[in-house]
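Participant: Sequence and computational prediction follow.
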Amino acid sequence: MENQAALRKEDNAEVLYLAFELSLKKWKLGFSDGRAAKARVVEMAAGNLEALKAEIEKAKKRFGMAAGARVKSCYEAGREGFWLHRAVDQMGIENLVVEPASIEVNRRERRAKTDRMDAGKLLRQLLRWWRGEKDAWSVVRVPTEEAEQDRQLHRDLEVLKKERGQHRTRIQSLLFTQGIDEKAGPGFLKRLEQMRIWNQQPIPDAMKARVRREYERLQLVETEIAELKTEQKKQLKAKNASASVAKVKRLQQLAGIGTTSSWVFVMELFGWRQFQNRREVAGAVGITPTPYNSGNSVREQGISKSGNHRARTMAVEIAWSWLRLQPDSKLSQWYKDRFAGGGPRMRRVGIVAMARKLVIDLWRFVEFGKVPEGAQLKVQH
């Protein structure tokens, strides 16, 4: 009874609702008390937290609220990341970070769109969410500051590896324009001096200088990749490893799971997310099915792809490796029985289904120590 009374008291408490429409130079703030038909929309300089506090106080006076009235806010996930969420949280504001793709839009061919209108729409959606319509939009789970820092190493490695591929491709393409089919490997600069173009003449000086500069950039990227990998190994060998790194080491006990995959799975998912069941795990990775069943039209639209794309990509890659390195596991046998005999499309569909099951098995192994049925652990030396 006391709890119910407390909830009714909280429901009747004054609440100021605030929606942020963020841009590079200016922020639009939409305010409402949840009762007035018209929202109060104001503009302020981006990032000015003192001005934000002042506008909140003005809005409370405008709606006749006490200075201590609660504030609930929201903004769309984007370039600002989560610093604003943490800033308003320190002010005592209950904030939601919203997935932009989940916000309803008018599907007319031509629809009016302004920052003021967007702020008003966010405000209306915020009111709906707090009034119980939890499916009004999708709320992003905000990582802790520690979890966000843990993500930086492997994400930086991901960017650098892409850059490495770009530099290698560019060098090969530049040489190919001169009739030379060579790749940037060991001893490349020495070989560059000996290369001859289509008419057996030396590479023109300007082109040679450009290729050399591109190769120097490639070497810089290679050095940075090596440094990050060294740092990764150092963290794995540390005796006072963090809880996340401990999970990475635990996951690596399974044959077929290496440093790269285990690091991504833990730092993106298992290290900071708390899952209640397998559906939540699959949903976080974005590999849940999306059936379409309307009238006489019944079809499968594929996976949702609404979760963490890094973990999803890695799960599919590791699923292929799992078939080769864990052939006797129940999961590999399931795939072989159902999909191995089909065509290329059927095998691709099957590997995504297997990836979903594999991620769930890895979660159970990390959190509860349950080894996937039939899977082999690495031999410890």
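Facilitator: Alright, I've got the coordinates.

Participant: contacting residues for the residue nearest the centre of the chain?
Facilitator: Taking Cα atoms, centre = their mean, the centroid of the chain lies closest to residue 308, which sits 4.3 Å from it. Shown in contact with residue 308 (Cβ atoms under 8 Å, 6 or more residues apart in numbering): 268-269, 284-286. C-beta here means a position set from N, CA and C on the backbone, and glycine is covered the same way.

Participant: Switch those over to a markdown table; also include neighbour count, distance to residue 303 and pLDDT.
Facilitator: Formatted as a markdown table, the contacts of residue 308 follow (neighbours: other Cβ atoms under 10 Å; distance: Cβ to Cβ, whole Å; pLDDT from 0 to 100):
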| residue | neighbour count | distance to residue 303 | pLDDT |
| --- | --- | --- | --- |
| 268 | 25 | 17 | 96 |
| 269 | 24 | 16 | 94 |
| 284 | 22 | 13 | 92 |
| 285 | 30 | 9 | 93 |
| 286 | 17 | 6 | 90 |
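
Participant: Looking at these, which are in strands?
Facilitator: Among the contacts of residue 308, no member falls in strands (criterion: DSSP state E).

Participant: circling back to that earlier point, please read off the pLDDT at the residue nearest to the centre of the chain from the model.
Facilitator: pLDDT for residue 308: 91.

Participant: In helices only, show me the contacts of residue 308.
Facilitator: Among these, DSSP state H puts 284-285 in helices.

Participant: closest to residue 143 among the contacts of residue 308?
Facilitator: residue 268 (9.5 Å; Cβ to Cβ).

Participant: okay but the closest one is in contact with residue 151, surely?
Facilitator: Yes. The criterion here is Cβ atoms under 8 Å, and residue 268 meets it with residue 151 at 6.8 Å.

Participant: Any stretches of the stretch 101-250 of the chain with poor pLDDT?
Facilitator: Along the stretch 101-250 of the chain, segments meeting pLDDT under 70 span 107, 109-113, 115.

Participant: can you pull out the strands in it?
Facilitator: Applying DSSP state E, counting those that start in this stretch to the stretch 101-250 of the chain gives no strands.

Participant: Could you pull out the helices in it for me?
Facilitator: Under the criterion DSSP state H, counting those that start in this stretch, helices of the stretch 101-250 of the chain are mapped to 115-130, 145-150, 152-176, 188-194, 205-237, 243-251.
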